[in-house]
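S.K.: have a look; sequence and predicted model below, questions after that.
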Amino acid sequence: MTVSAATAERSGPAGVRGTATSSSPARGGAGPRRNRADTKAGYAFLSPWLLGFGLLTAGPMLMSLYLAFTDYNLFRAPTFVGLDNFAALFADARFLKSAQVTAIYVVVGVPVKLAAALAVAVLLNARHRGQGAYRSMFYAPSLIGASVSVAIVWRAMFIDDGVADRIQQLLGFPAGGWVGDPGMTMPMMILLAVWQFGAPMVIFLAGLKQIPAELHEAAAVDGAGPVRRFVSVTIPMLSPVLFFNLLLETIGAFQVFSSAFIISGGTGGPADSTLFYTFYLYIKGFTEFRMGYASAMAWVLVIVVGVITAVLFRTSRAWVHYTGDVR
Amino acid sequence: MVRTRTTPRTRTAAVQVTALAAASALALSACGGGTTASADAAPVATDRDIELSLVWWGDDDRASRYEEAVALFEEKYPNIDVQTQFQAWDDYWTARSTEAAGQTLPDVFQMDLAYIHQYASNNQLLDLSNQVGVNLDTAGYDEALLASGAVNGGQFGIPTSTNTLGMIRHDDLLDELGIDPPAEGLTWDEYDAWIREVSEAGADHDPQVYGGTDYTGTLWLFIQWLLQQGKTAFDDDGTPAFTKDDLVAWVERTQPLRDDGVFYPVQRAKQVEPLTGLQVNEAATELTWDNMMAGYSASAGTENVDLLPVPTGADGSQQFWKPSMLLSSSASTQEPDAAAALIDFLVNDPEVGAIFGTSKGVPAVVGQRDAMEIEEGSVDGKIVGYEDAVAERVTADTPLPAEGYGVVEVEFKRLGEELSYGNITPEEFADQWFQSAEANLGGA
């Protein structure tokens, strides 16, 4: 289970070939001819995906890589400007602001969301009556959470005299909605993300079910209390799932867009407090018609997310335990 | 676990890529180049079926008025079928810019002064000059107004209606507070003092009432203020004709009102968006385009609103007409004659004038203006009355926004918001806006 094995499978055609090769000895005597026929068939079945990948993914991606080095306003032909776009990025105060806003969202939002997902998963893992119903109920926000209507409702909850304001007044905090306060929009956005904990929760739940009961029993016999069992048995056994959720949620958090777009009315406001990275990219590309600049931003994001993913994989060796690993 | 461990990476790539896909697909098509030649105009053909696309920005109300007008047009030209579509303002321009990159702009579409330069100077719009007198009648137009649709000697847009800046006031609120409306002909400083008076009186009102909304972040009002000092906004090359000091002066003069919390608070304004303080009955006045009053009155739930001219400057009370919207045709249209005929019908036909009323502003052509059925004392009547009354003040030429105006206007508004939150100083406002102007104005 190494990263390189993962890479091989991910790369599509190469992965197909790899699978065919490694499985042929097991079938025995199939020979290279049969193998090639398999390969052809494999490609044939893959062709819809390959076509889509080429036309809709790889092609545009290469095009945007080219555009990142040009000045392009959508109307006139692109002109090559070398690294100017990238240089301009780091002199752009709003770019830095958008990077900062996104970083806070990822660094605070992801751990809180995962903690919420894990907590609910642990609760749902215990045996209750009507457990299936609870699971569906807790999962529901994830199904609708990304929708425009929820963003609108969310906004309404956080205006003056909205639900949040009322609760805050009941608890004796100063009155006032969050929507118009640049210091409070980020907590509001993070709460919206956390509320959609359903997807990681379901994965956690599946992971919890896989933990052999005898491990807990053995720990209990040795005198471990519930907290100790959670820390020393559940968490290590769950670490591959935790790692998977962490990656997925981190990558997803970098791309937050639509909820911020709706809640801020398409401005990233108030005072740029919800100017997420992808949102600023959109503004540059489609409001200011600076497609070259926007492409450069997109590539910087690809690189940053790539590096963070690589770093997470690196550190995972230290804290992710796979059953059967010799440690 | 291999499968689950690899999934995230695959997803990264896939999602990143889709984000980019849209952008780059445009580039591919943009390389195809466009058709710019507009052949000689001929009377619109009646012997074959023609299909036209018509697109506008606006709400449901406008859509139903357009549908009604289009039905009349199709009655007059039975061989022409008009396909309609509309979006809200922001989405509208996103959609149009992507279409422009792909040379697929609609046959006829609404155009705004803020964008016409950008589209025209990039060969996206049909020059309608040779349609004038053939399929398009412009005899009913004020020359200066028609010129607002002209760029580099070509006629790329036909104004449908006019508006001018004004001060909308909420008389119900003023009656409740017992404060007299601002006097006509008051200066900017007097207006600011009046706002302060109302905000002080309204402090104990529930909900709290303010005298006015911070108008500093509206680029058009700054231009209006410059004109009253005998200055112009933009040079012929599209770059600012005013100095950084002019801009600092504009921002600084309202700074005491922001510091003292006299303006309608920005925190509240952000919450009631897309409505404004006046529309939610919490601000007594607002400086904006006169045709907005109909919508404002509807949201505020009162007909007891009225219009005053904008405050006057030290050197005069000049105002200007702005076409509230124009109609343009795509340079790549296959049916320039029919497109011109549709534009002609929409701007000249009296019945169309009656259908739209003042909802797009006061119709530019007299024939349409006279066809409106307006009740005495109604909100529509007040708007028309205001434009009649203010006509003698309209001495300034329409300041024609340069290429990139739309972008720097958005930046002006954003900086105004930062100012209201106290995040930047007037000097920083001017510095940052000029940075944006250098990067965007004059085809930079």
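M.R.: Here it is on my side, so go on.
S.K.: CA atoms for contacts and neighbours, from now on please.
M.R.: OK.
S.K.: check contacts around B:Asp380.
M.R.: B:Ala294, B:Gly357, B:Thr358, B:Ile374 (Cα atoms under 8 Å, 6 or more residues apart in numbering or on different chains).
S.K.: ok, the first one to chain A distance?
M.R.: Between B:Ala294 and chain A the distance, using Cα to the nearest Cα, to the nearest Å, works out to 23 Å.
S.K.: so how far is B:Glu411 from that residue?
M.R.: 27 Å (Cα to Cα, to the nearest Å).
S.K.: can you get me a residue count around B:Arg48?
M.R.: For B:Arg48, the count of nearby residues is 9 (other Cα atoms under 10 Å in any protein chain shown).
S.K.: on the three-state scheme, it is what?
M.R.: coil (DSSP: H, G, I helix; E, B strand; the rest coil).
S.K.: just to revisit the earlier point, restricted to strands, list the contacts of B:Asp380.
M.R.: Counting by DSSP state E, no part of the contacts of B:Asp380 is found in strands.
S.K.: can you name the two of those residues that sit furthest apart?
M.R.: B:Ala294 and B:Ile374 (12.6 Å; Cα to Cα).
S.K.: which of those two has more residues huddled nearby?
M.R.: For B:Ala294 versus B:Ile374, neighbours defined as other Cα under 10 Å are more numerous around B:Ala294 (20 against 17).
S.K.: isn't the more buried one up against B:Lys360?
M.R.: No. Contact status for B:Ala294 versus B:Lys360: not in contact, 10.0 Å apart, counting by Cα atoms under 8 Å.
S.K.: for A:Tyr43, see how far away the residue in chain B positioned nearest to chain A is.
M.R.: Of all residues in chain B, the one sitting closest to chain A is B:Gln267 (4.0 Å; Cα to the nearest Cα). According to Cα to Cα, B:Gln267 stands 58 Å off from A:Tyr43.
S.K.: these two: which has the busier surroundings?
M.R.: B:Gln267 (21 against 17).
S.K.: what about the closest residue in space to B:Asn440 that isn't next to it in sequence, neighbour count?
M.R.: Counting by Cα to Cα, 6 or more residues apart in numbering or on different chains, B:Asn440 lies nearest to B:Gly404, which is 5.2 Å off, once chain neighbours are set aside. Using other Cα under 10 Å, B:Gly404 is surrounded by 26 other residues.
S.K.: wait, B:Gly404 touches B:Ser436, no?
M.R.: No. Applying Cα under 8 Å, one finds B:Gly404 not in contact with B:Ser436, separated by 9.8 Å.
S.K.: what strand or helix carries B:Pro323?
M.R.: strand B:322-329 (DSSP states H and E).
S.K.: could you do B:Ala340 as well?
M.R.: helix B:336-348.
S.K.: try B:Asp245
M.R.: Judged by DSSP H and E, B:Asp245 forms part of helix B:244-252.
S.K.: contact partners of that helix?
M.R.: Defining contact as Cα under 8 Å, 6+ apart, one finds that helix B:244-252 is touched by B:Thr216, B:Phe222, B:Pro426, B:Glu427, B:Phe429, B:Ala430, B:Asp431, B:Phe434.
S.K.: over to stretch A:155-172?
M.R.: Contacts for stretch A:155-172 (Cα under 8 Å, 6+ apart): A:Pro174, A:Ala175, A:Gly176, A:Gly177, A:Trp178, A:Val179, A:Gly180, A:Met188, A:Ile263, B:Arg268, B:Gln271.
S.K.: need the contact list for B:Gly361.
M.R.: B:Ser161, B:Thr162, B:Asn163, B:Asp290, B:Asn291, B:Ser324.
S.K.: hmm, try it at 10 Å
M.R.: Contacts for B:Gly361 were tallied using Cα atoms under 10 Å, 6 or more residues apart in numbering or on different chains; they are B:160-164, B:289-294, B:322-325, B:380, B:383-384, B:387.
S.K.: and what of B:Gln318?
M.R.: B:224-230, B:309-312, B:390-397.
S.K.: list phi and psi for it.
M.R.: The phi and psi torsions at B:Gln318 (degrees, to the nearest 10) take the values phi -60, psi 140.
S.K.: tell me the predicted confidence for it.
M.R.: Note on B:Gln318: pLDDT of 87.
S.K.: do the same with A:Gly198
M.R.: At A:Gly198, pLDDT is 87.
S.K.: B:Ala71 against B:Phe345, yeah?
M.R.: No. Contact between B:Ala71 and B:Phe345 fails when scored by Cα atoms under 10 Å: they sit 11.5 Å apart.
S.K.: and the stretch 51-200 of chain A, which residues reach chain B?
M.R.: Within reach of chain B by Cα under 10 Å from any Cα of the partner chain, the stretch 51-200 of chain A has these residues: A:53, A:55-67, A:72-78, A:93, A:155-156, A:158-160, A:176-182.
S.K.: filter the residues you listed down to just the ones in strands.
M.R.: Those of these lying in strands (DSSP E): none at all.
S.K.: where do the helices sit along the stretch 51-200 of chain A?
M.R.: A:59-67, A:84-89, A:93-125, A:131-144, A:148-157, A:163-170, A:185-195, A:198-210 (DSSP state H, counting those that start in this stretch).
S.K.: list the buried ones in the first one?
M.R.: Read that as helix A:59-67. Residues A:Gly59, A:Pro60, A:Met61, A:Met63, A:Ser64, A:Leu65, A:Tyr66, A:Leu67 are the ones in helix A:59-67 that count as buried (16 or more other Cα atoms under 10 Å in any protein chain shown).
S.K.: name the helices or strands packed onto that helix?
M.R.: The helices and strands touching helix A:59-67, judged by 3 or more Cα pairs under 10 Å, 6 or more residues apart in numbering or on different chains; DSSP states H and E, are strand A:79-80, helix A:291-319, helix B:2-30.
S.K.: ok, of those, where does mean pLDDT dip lowest?
M.R.: helix B:2-30 (a mean of 40).
S.K.: what's the first helix or strand after that one?
M.R.: Following helix B:2-30 toward the C-terminus (DSSP H and E): strand B:50-57.
S.K.: which residues does the helix or strand that that following strand is followed by contact?
M.R.: As assigned by DSSP H and E, the chain's next helix or strand after strand B:50-57 is helix B:60-76. The contact list for helix B:60-76 (Cα under 10 Å, 6+ apart) reads B:54-57, B:77-78, B:80-88, B:341-342, B:345-346, B:349, B:351-357, B:359-360.
S.K.: rounded mean pLDDT for helix B:60-76, please.
M.R.: Helix B:60-76 comes out at a mean pLDDT of 92.
S.K.: how about it: buried residues?
M.R.: B:Arg62, B:Ala63, B:Arg65, B:Tyr66, B:Ala69, B:Val70, B:Leu72, B:Phe73.
S.K.: check those residues and tell me the two furthest apart.
M.R.: Largest pairwise distance in the buried residues of helix B:60-76, by Cα to Cα, is 16.5 Å, between B:Arg62 and B:Phe73.
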